[in-house]
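A.B. asks: Fold the stuff below for me.
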Amino acid sequence: MSNKKILSALVRNHPGVLQRVSGLFYRRGYNIETITACATENPKFTRMTMVVITNDELEMSQIIRQLSKIQDVRRIAILDDSNAILSESMLVKFECAPDRRTELLNLTLKNHAHVVHIGDTTATITASGSPDDLDEMLQNFSGYQIVELSRSGLSAMEASDRPFVKMDDAEFIN
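C.D. replies: Presented below is the predicted three-dimensional model:
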């Protein structure tokens with residue numbers, strides 16, 4: 001992820017937070033590759049993971065400052081391959097004639113993926129892993145024509161024994 005920076009933010013779970021965050025990127029002309037938002041262990045908060053494309057450290061620090069000004073943003077961290085666990089999910093529908101199903105099923109197992117649907121002329125699989133792992137897996141299936149592809153966007157968490165934020169911290173929750 002050379003010019004890609006991963007931002008992890010813990011935000012209050014309120015309507016409009018995703019719009020405020022993405023709107024900031026739009027208004028400032030920052031380039032987002034992916035943005036995901038999901039529930040946390042505490043329903044009052046949402047974790048947002050953003051992959052931002054920038055080569056400029058000054059621009060990156062400006063993004064952090066601007067995000068910090070949004071009242072619902074409680075914590076922001078810049079993550080990378082050395083301090084984070086990265087995961088993404090994908091669904092892929094391949095053209096697959098009945099006589100090639102066994103081959104596709106074996107390739108699916110070899111790549112630690114799962115078949116979720118087999119139609120008359122297609123097969124759909126699901127897989128999860130790091131973005132690089134999923135890219136490599138798609139290369140392994142290069143003998144099959146992709147009919148549809150859907151990737152979830154990156155989810156990331158610090159590779160640490162300590163929590164991102166202690167959810168019982170009264171100052172944090174207010």
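A.B. asks: what's near enough to touch residue 87?
C.D. replies: Neighbouring residues of residue 87 by Cβ atoms under 8 Å, 6 or more residues apart in numbering: 128-130, 154-156. C-beta coordinates here come from the backbone N, C-alpha and C atoms, glycine included.
A.B. asks: Run through the strands of this protein in chain order.
C.D. replies: In the chain, the strands defined using DSSP state E lie at 4-12, 31-39, 45-53, 73-79, 84-95, 114-118, 122-129, 146-151, 155-158.
A.B. asks: Contacts for the last one next, please.
C.D. replies: Contacts to strand 155-158, defined as Cβ under 8 Å, 6+ apart, come from residues 6, 8, 36, 38, 49, 77, 79, 83-88, 164.
A.B. asks: which residue packs closest to residue 113, ignoring adjacent ones?
C.D. replies: Closest residue in space to residue 113, ignoring its immediate chain neighbours: residue 127 at 3.8 Å, by Cβ to Cβ, 6 or more residues apart in numbering.
A.B. asks: Would you point out which residue is most central in this protein?
C.D. replies: residue 154 (1.2 Å; Cα atoms, centre = their mean).
A.B. asks: Am I right that that one is in contact with residue 51?
C.D. replies: Yes - assessed by Cβ atoms under 8 Å, residue 154 is found in contact with residue 51 at 5.4 Å.
A.B. asks: How many neighbouring residues does residue 67 have?
C.D. replies: 19 (other Cβ atoms under 10 Å).
A.B. asks: ok, now which ones touch it?
C.D. replies: So residue 67 contacts 7, 9, 21, 24, 73, 76 (Cβ under 8 Å, 6+ apart).
A.B. asks: one more time with 6 Å
C.D. replies: Contacts for residue 67 (Cβ atoms under 6 Å, 6 or more residues apart in numbering) come out as 73, 76.
A.B. asks: same thing with the one 4 residues further on?
C.D. replies: The neighbours of residue 71, taking Cβ under 6 Å, 6+ apart as the test, come to nothing; the list is empty.
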